[in-house]
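> coordinates for the following, if possible.
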Amino acid sequence: MKFHACKSAFPGGGSTPNHVLRSVTLTCVRPLWTALPFLLGSGACGSSPPPARMPDEPAVHAQFADDDRFVPSYGKPELSKALTTERAAEATAERIVAELEAKADPAATDSDPLRVARADLAVRRRFLQLLEHCDADGRDCPPRLDDPSWTFDYDADPPEQPPLDAPAVFDLAGWRAIAAELHARACACRTIYCVDSVGVAIDRLERLPSREVQGDEDSSLAIMRARQCLRFLRR
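Okay, the predicted model is just below:
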């Protein structure tokens, strides 16, 4: 059965396929990552919780030194502007969730748009926390501050290629470029659809390079950072 796309609840969010709506219930039909405990707690609405660190990964620390942490190319002025923009977007998202809740039938289960709106708000709040961490001490900085468009129907039949800016070339140089783009895209997610679909893209693409190329330290570090961002944003 083919489902029609529905509009995201947030400005600039694009369309949200119904297969994404089915994954919003946080108990995914097909989990993309191993569940990890986190110290971050957040309700659907209300004030944002204190910033929480992205989870540490012991196996990762055994391979990569702390000196390998990502250092962004942007400066404090750009970061300050992004914080202002994201706080305004969070306030707008909270208002939209409240409006949807007011219209919801108390006797019925949450509508799909309301579930998506709540999940998107939670992701946006955690993205804002990444920016706050970055502003405070230079840690957990996303590679990019903009919200690039991303449309990937990962349930399409036949399967479609993830929409990458980097060429789909899987030699060493090509895979490094793809891995860096996946890191940047993953850490820039503001919606649950983005988190889910980028995770699927990573799962599919990382199987394509040869085993030798897959073992490259630079690309492995970028993929690890991408997955870490997705886990934090999904919580």
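> phi, psi for Ala184 please.
Backbone geometry at Ala184, expressed as degrees, to the nearest 10, gives phi -60, psi -40.
> quick one, what contacts the spatially closest residue to Cys141 that is not a sequence neighbour?
Excluding its sequence neighbours, the residue lying closest to Cys141 (Cβ to Cβ, 6 or more residues apart in numbering) is Cys134, at 3.8 Å. C-beta coordinates here come from the backbone N, C-alpha and C atoms, glycine included. By Cβ atoms under 8 Å, 6 or more residues apart in numbering, the contact set of Cys134 is 72, 79, 140-142.
> can I have the buried ones of these as a PyMOL selection?
In PyMOL, a selection of the buried entries from these looks like this (16 or more other Cβ atoms under 10 Å):
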select buried, resi 79+140+141+142
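> can I get the contacts of Cys134 in JSON lines with distance to Ala89 and pLDDT?
What follows is those, written out as JSON lines (distance: Cβ to Cβ, whole Å; pLDDT from 0 to 100):
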{"residue": "Pro72", "distance to Ala89": "20", "pLDDT": "92"}
{"residue": "Leu79", "distance to Ala89": "15", "pLDDT": "97"}
{"residue": "Asp140", "distance to Ala89": "19", "pLDDT": "90"}
{"residue": "Cys141", "distance to Ala89": "19", "pLDDT": "94"}
{"residue": "Pro142", "distance to Ala89": "15", "pLDDT": "96"}
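> ok, which pair from the contacts of Cys134 is furthest apart?
Maximum pairwise distance in these, criterion Cβ to Cβ, is 12.0 Å, between Leu79 and Asp140.
> where does the protein dip in pLDDT?
Counting by pLDDT under 70, the ranges of the chain that qualify are 1-68, 107-110.
> where along it do the helices fall?
Ranges of helices within the chain are 18-23, 58-63, 76-103, 112-137, 172-187, 192-205, 211-214, 217-234, based on DSSP state H.
> ok, which of those comes nearest Pro162?
Of all the helices of the chain, it is helix 192-205 that lies closest to Pro162, at 3.8 Å by Cβ to Cβ.
> quick one: residues contacting the residue lying closest to Leu131 once chain neighbours are set aside.
Ranked by Cβ to Cβ, 6+ apart and with sequence neighbours excluded, the top spatial neighbour of Leu131 is Leu83, at 5.3 Å. By Cβ under 8 Å, 6+ apart, the contact set of Leu83 is 128, 131-132, 135.
> please list only the buried members of those residues.
Buried among the contacts of Leu83 by 16+ other Cβ under 10 Å: 128, 131-132.
> pipe those residues into a markdown table and attach distance to Glu94 per row.
A markdown table is the format used below for these (distance: Cβ to Cβ, whole Å):
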| residue | distance to Glu94 |
| --- | --- |
| Leu128 | 12 |
| Leu131 | 17 |
| Glu132 | 17 |
